[in-house]
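S.K.: Mind looking at a prediction? Sequence and model below.
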Amino acid sequence: MRILIGTDTTPDLFSGATTQLKATLEGLKAMGHEVLVIDPSNFYSFTSKKIHEGFHFALWPKKGLKQKILSFKPDAVHIYTECGVGIYLRHLCKKQKYKFSTSYLTRLDLILQKRFYIPPFFINYFMRWFHQGNITMTVSQGIKDYLEKLGCKKPIKIWHPGVHTDRFTFNPKKTIHKEHPIFVYFGRIDKEKNLEAFLELDLPGEKWIIGSGGEFFHLKEKYSKQAKFFEVHSQKEINELLQKCDVLVFPSRFDTFGIVIVEAMSTGLPCAAYPEAGPQEIITQGVSGVMDEHLKRACLQALLLNPSDCVKESDRFSVKSSVNMFLKNLDQMR
């Protein structure tokens, strides 16, 4: 199949959406599908750390882009994100009468409200307008239910992200240290991740923050006595640090999925989280993690779980399974 994917993410963007797309492209190509990716490099664009470090906002297409797309003659078009590239491709598909699918990956309404005080009403109105393709894909049942209540066009299908769990190390002899545990968060460090809820908990042992993002140095300065901070970007560095940790703490209330939860599970770390849509799609309560409105209680109960059970649970979110789900959704448009 010849698949055209339009995205506003770029390889240097540190985010779950970038991780998901990379895994999907690798899986599609391994199966023999031909993929053309349209991203901000095909456009004049700008970037700003105030918006999102590594994010490039596409302004208008460079010469020859339309002809490049038409010459590719795609069997399926998928619009991965809702920003500059996505808007351009949506317009082109409507004009050329191409069938297309879109994906809803991020609660932009919550992000923009928290960062720029934009009322969710305006963002949700845009989302209902944008997701008017033949199929909308999203990452969890909870977000699917949310989009249906929002009034987005049906059908809305689930597409779990795929994770290269084999790239994270699990030591079969791993045990969780209950007397002096290390509670860890890793991933993007931004306002909407609600990291203060974790950093302000009174927990035994240590608290670690691993990753990078716009809030990294602010949080490091404010909470240097409460936690250790590690600014890292590579999967290899993160994997090495996770070997020393005991429980992943995922305090976000906005994430539609939470790829880092699966990655942590594949190293044998149970997860403590709030009972939100993303964690509910991944965590088996009392097996691979604990979800509780009292985050401290979830953290302490997670210390009692078995690392081997977490690894088994992570296998449900393989790249192969994710890609097959994506292709099945595309086939329903043909």
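M.R.: Received it, and whenever you're ready, just let me know what you need. Numbering: from 1, shown residues only.
S.K.: Spell out, range by range, the strands that occur in the stretch 101-250 of the chain.
M.R.: Secondary structure of the stretch 101-250 of the chain by DSSP state E, counting those that start in this stretch: the strands cover 101-104, 135-138, 156-158, 182-188, 206-212, 228-231, 247-250.
S.K.: So for the fifth one, what gets flagged as buried?
M.R.: Within strand 206-212, the residues that qualify as buried by neighbour count (16 or more other C-beta atoms under 10 Å) are 206, 207, 208, 209, 210, 211, 212. Just so you know, the C-beta spots here come from the backbone N, C-alpha and C atoms, and that holds for glycine as well.
S.K.: Who's the closest spatial neighbour of residue 172, skipping the chain neighbours?
M.R.: residue 308 (7.2 Å; C-beta to C-beta, 6 or more residues apart in numbering).
S.K.: ok, now residue 108?
M.R.: residue 123 (5.4 Å).
S.K.: Report the separation between residue 308 and residue 287.
M.R.: Between residue 308 and residue 287 the computed distance is 11 Å (C-beta to C-beta, to the nearest Å).
S.K.: and the residue nearest to residue 38 when sequence neighbours are not counted, how many residues sit next to it?
M.R.: Leaving aside its sequence neighbours, residue 38 sits nearest to residue 6 (C-beta to C-beta, 6+ apart; 4.5 Å). Number of residues near residue 6 (other C-beta atoms under 10 Å) recorded here: 27.
S.K.: before we move on, the earlier item: of the strands of the stretch 101-250 of the chain, flag the one that's most buried.
M.R.: strand 247-250 (a mean of 28; mean count of other C-beta atoms under 10 Å).
S.K.: Return the list of helices and strands in contact with the helix or strand just after that strand.
M.R.: Beyond strand 247-250 on the C-terminal side, the first helix or strand identified by DSSP states H and E is helix 259-265. Here helix 259-265 touches helix 16-30, strand 182-188, strand 247-250, strand 271-273, helix 277-282, helix 307-314, going by 3 or more C-beta pairs under 8 Å, 6 or more residues apart in numbering; DSSP states H and E.
S.K.: got the CA coordinates for helix 259-265 in PDB?
M.R.: Presented in PDB, the C-alpha positions along helix 259-265 are these (Å, rounded to 0.1, in the frame of the first residue of the first chain):
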ATOM      1  CA  ILE A 259       3.900   5.700  26.100                       C
ATOM      2  CA  VAL A 260       6.400   6.100  28.900                       C
ATOM      3  CA  ILE A 261       4.100   3.900  31.100                       C
ATOM      4  CA  VAL A 262       4.600   1.000  28.600                       C
ATOM      5  CA  GLU A 263       8.400   1.700  28.400                       C
ATOM      6  CA  ALA A 264       8.700   1.700  32.200                       C
ATOM      7  CA  MET A 265       6.700  -1.500  32.400                       C
END
